[in-house]
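Trainee: Quick check, what structure comes out for this input:
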Amino acid sequence: MDPKAANGKRTDNETTKRLILPTSVTRRTFIRSTGLVAGAVAAGPLLSACGAIGGGSGGGGPLKIGLLLPYSDIYAVLGESITESMKMYFENNGNEAGGRTIEIIQEDTQLKPDVALEKARKLVEQDEVDLVAGIVSSGVAVGLRDYFHENKKLLLIANAGANVLTRAKKSPYIFRTSFSNWQPNWPLGNWAYDNVAQKVFVTAPDYGAGHDMVSAFLNSFEGKGGQLVAEPQFTPFPQMGDPAPFITEIQQANPDMVYTFYSGGAAVTFVKAYGEFGLTGQIPLVAAGFTVEEDVLPAQGDAALGTVSGLHWALQLENSTNMTFTAAYKERTGKDANVFAMQGYDTARVIVDSINAVEGNTTDLDPLIDAIAGVSFDSPRGTFKFDETTHNVVNPVYIRRVEEVDGALHNVIIDELGDYVDPGDDSKG
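Mentor: Numbers count the residues shown, from 1 in each chain. Predicted coordinates:
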């Protein structure tokens with residue numbers, strides 16, 4: 001099929017929620033590689049005076065997992081998707097790991113770094129969770145990094161892709177089960193140059209993830225000789241406001257192709273406006289896959305038809321693990337799974353497998369960190385494993401196109417680009 005084809009018919013925020021429900025690089029080696037062996041410098045006086053923060057319950061009592069996610073604002077659906085799939089995995093595995101009953105404590109980040117830090121402190125210092133998982137926004141993730149690193153508390157990032165967390169600010173206590181912002185976009189830039197157009201207009205939200213994704217796409221696209229027709233357009237975040245001025249700017253530039261990244265409610269706003277201005281089917285839209293993911297396609301409607309995107313998963317992937325996962329999620333929620341739900345599902349499995357490996361002992365960090373780093377399994381996305389250098393997941397990248405399938409819009413895989421490991425530095429964007 002021609003990649004250029006445009007039409008392919010084929011809660012209360014303050015409420016805490018509780019629910020009872022072997023690697024070659026060791027932790028010691030990883031710490032040396034970060035250049036941060038000195039440890040908790042900023043937190044040193046506090047830790048010396050007060051003792052270790054939030055020790056958790058170790059090996060006796062419930063396994064407390066703090067979920068730090070947005071349950072309000074434009075990314076609420078992302079937070080809900082991650083939460084539901086994590087609960088589903090835990091329940092399917094007897095709601096226990098390492099012989100300990102799982103207890104989930106949910107907190108709403110509200111997409112605000114200061115609020116997220118306050119909630120993280122509560123989870124660690126008051127609730128004494130064994131580990132924290134979640135985080136959707138790159139800005140929130142970067143804002144939390146020092147707290148978890150300095151206090152030597154485990155954080156599993158189930159979405160936020162900030163590149164710096166696998167590069168200059170990587171930490172032995174932070175793992176990412178989702179993606180780096182570089183991973184889906186750098187290979188997409190190469191592919192778009194070869195298969196769509198050699199001149200592009202770029203638009204994305206004005207925050208960390210938007211800048212990361214644009215940088216990755218342009219690094220490979222321009223490296224092949226591609227050209228920008230105008231300076232990158234960065235729109236207000238989290239609320240875009242009226243999209244008309246931004247779409248008008250695109251329309252007036254009349255580029256051969258548009259590259260974009262938006263997610264959640266902002267993705268709906270942008271893509272619908274793109275269609276309303278008559279650009280769907282006229283100017284090819286190439287995107288980071290979150291822009292047209294399964295959570296937003298129903299609201300975007302035909303305006304999304306023909307959009308080509310790069311991502312590490314698709315609903316239509318035909319492997320047995322994905323088919324089992326998507327069927328179970330649909331039965332549980334009444335909705336099609338999306339990439340955020342898949343990431344939550346994998347995050348839950350990482351937790352269960354690693355806690356089982358250490359027989360429930362979350363007090364001794366070295367063995368637990370090594371157990372997490374060594375986790376590997378068949379995921380809905382393909383083979384799941386961490387890169388030993390960065391603690392970031394190694395991801396396959398699929399090129400997808402929005403088409404009508406059995407009366408509904410879905411992302412159909414049109415190319416597979418193989419596995420990609422974040423470079424660990426800024427050399428490729």
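Trainee: contacts, neighbours, all on C-alpha from now
Mentor: Will do.
Trainee: wait, what's in contact with the nearest residue to Thr109 once chain neighbours are set aside?
Mentor: Spatial nearest neighbour of Thr109, chain neighbours left out: Ala116 (4.5 Å); criterion: Cα to Cα, 6 or more residues apart in numbering. Residues counted as contacts of Ala116 (Cα atoms under 8 Å, 6 or more residues apart in numbering) are Leu68, Asp108, Thr109, Gln110, Val140, Leu144.
Trainee: Now do the SS call for Ala168.
Mentor: coil (DSSP: H, G, I helix; E, B strand; the rest coil).
Trainee: mind checking how far it is from Ser427?
Mentor: 12 Å (Cα to Cα, to the nearest Å).
Trainee: What strand or helix carries Phe217?
Mentor: Applying DSSP states H and E as the criterion places Phe217 in helix 208-223.
Trainee: now swap in Gly189 and tell me
Mentor: Short version, using DSSP H and E: Gly189 is in helix 182-195.
Trainee: buried ones in stretch 326-337?
Mentor: In terms of neighbour count (16 or more other Cα atoms under 10 Å), stretch 326-337 has its buried residues at Thr326, Ala328, Tyr329, Asp336, Ala337.
Trainee: mind listing what's buried in the helix or strand hosting the residue nearest to Thr109?
Mentor: Secondary structure assignment for Ala116, by DSSP H and E: helix 113-121. Using 16+ other Cα under 10 Å as the test for burial, helix 113-121 gives Pro113, Ala116, Leu117, Lys119, Ala120, Arg121.
Trainee: so how far is that helix off the chain centroid?
Mentor: 19 Å (Cα atoms, centre = their mean, to the nearest Å).
Trainee: Show the buried residues in the contacts of Ala116.
Mentor: Leu68, Asp108, Thr109, Gln110, Val140, Leu144.
Trainee: Looking at the contacts of Ala116, which are in strands?
Mentor: Leu68, Asp108 (DSSP state E).
Trainee: so the helix holding Gly189 versus helix 208-223, what angle?
Mentor: 40 degrees (axes from the mean of the first three to the mean of the last three Cα atoms, to 10 degrees).
Trainee: Closest one to Glu416 out of the contacts of Ala116, please.
Mentor: Val140 (31.3 Å; Cα to Cα).
Trainee: got a pLDDT number for the closest residue to the closest one other than its chain neighbours?
Mentor: In space, and not counting its chain neighbours, Val140 is closest to Pro113: 4.5 Å by Cα to Cα, 6+ apart. Confidence at Pro113, expressed as pLDDT, is 96.
Trainee: same deal with the one 10 residues further on?
Mentor: What the model reports for Leu123 is a pLDDT of 98.
Trainee: neighbours around it, how many?
Mentor: By the criterion of other Cα atoms under 10 Å, Leu123 has 26 neighbours.
Trainee: correct me, but it touches Asp108?
Mentor: No: counting by Cα atoms under 8 Å, Leu123 does not reach Asp108; the two are 11.5 Å apart.
Trainee: can you list the buried residues of stretch 326-337 in a markdown table and add pLDDT, distance to Arg381 and secondary structure?
Mentor: As requested, those are exported to a markdown table (pLDDT from 0 to 100; distance: Cα to Cα, whole Å; DSSP: H, G, I helix; E, B strand; the rest coil):
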| residue | pLDDT | distance to Arg381 | secondary structure |
| --- | --- | --- | --- |
| Thr326 | 98 | 11 | helix |
| Ala328 | 98 | 16 | helix |
| Tyr329 | 98 | 15 | helix |
| Asp336 | 96 | 15 | coil |
| Ala337 | 97 | 12 | coil |
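Trainee: still on that earlier bit, can you tell me how far the residue nearest to Val140 is from Val136?
Mentor: For Pro113, the distance to Val136 - Cα to Cα - is 11 Å.
Trainee: Just the strands from the stretch 1-150 of the chain, written as ranges.
Mentor: Using DSSP state E, counting those that start in this stretch, the strands of the stretch 1-150 of the chain run over residues 17-20, 63-69, 96-97, 100-108, 131-134.
Trainee: Which one of these has the poorest average confidence?
Mentor: Here the lowest mean pLDDT among these goes to strand 17-20, at a mean of 52.
Trainee: Break the chain down into its domains, please.
Mentor: Recorded structural domains for the chain (assignment: automatic domain parsing) are 17-178+318-393, 182-311+397-420.
Trainee: now the end-to-end length of the shortest one.
Mentor: Pointing back at domain 182-311+397-420 there. End to end - Cα to Cα - domain 182-311+397-420 spans 9 Å.
Trainee: Go ahead and list the helix or strand containing Gly310.
Mentor: Short version: Gly310 belongs to strand 308-311, going by DSSP H and E.
Trainee: Sheet partners, orientation included, of that strand?
Mentor: Sheet pairing for strand 308-311, assigned by DSSP bridges, gives strand 285-288 (parallel), strand 395-405 (antiparallel).
Trainee: Quick one: distance of it to the chain centre.
Mentor: The answer for strand 308-311 is 14 Å, by Cα atoms, centre = their mean.
Trainee: Which parts of the stretch 201-350 of the chain are strands?
Mentor: 227-228, 233-235, 258-260, 285-288, 308-311.
Trainee: helices or strands next to the first one in the packing?
Mentor: It stands for strand 227-228. Based on contacts counted as 3 or more Cα pairs under 8 Å, 6 or more residues apart in numbering; DSSP states H and E, the elements that strand 227-228 packs against are strand 199-205.
Trainee: Other residues contacting the strand it packs on?
Mentor: Contacts of strand 199-205 (Cα under 8 Å, 6+ apart): 210-211, 214, 226-238, 240, 250, 253, 255-262.
Trainee: let's see it at 7 Å
Mentor: Defining contact as Cα atoms under 7 Å, 6 or more residues apart in numbering, one finds that strand 199-205 is touched by 210, 226-230, 232-237, 255-262.
Trainee: ok, it: who's next to it in the sheet?
Mentor: Checking strand 199-205 against DSSP bridges gives partners strand 227-228 (parallel), strand 233-235 (parallel), strand 258-260 (parallel).
Trainee: what's the last one in contact with?
Mentor: Residues outside strand 258-260 that contact it (Cα under 7 Å, 6+ apart): Val200, Phe201, Val202, Thr203, Ala204, Ile283, Pro284, Leu285, Val286, Ala287, Ala288.
Trainee: same thing but 8 Å
Mentor: 200-204, 214, 283-288, 291.
Trainee: By mean pLDDT, which helix or strand of this structure comes out lowest?
Mentor: helix 44-50 (a mean of 35; mean pLDDT, DSSP states H and E).
Trainee: which of Ala168 and Ser427 has more neighbours?
Mentor: Neighbours of Ala168 and Ser427, each counted by other Cα under 10 Å, are more numerous for Ala168; the result is 13 against 8.
Trainee: ok so, going back, can you pick out the most distant pair from the buried residues of helix 113-121?
Mentor: Pro113 and Arg121 (12.3 Å).
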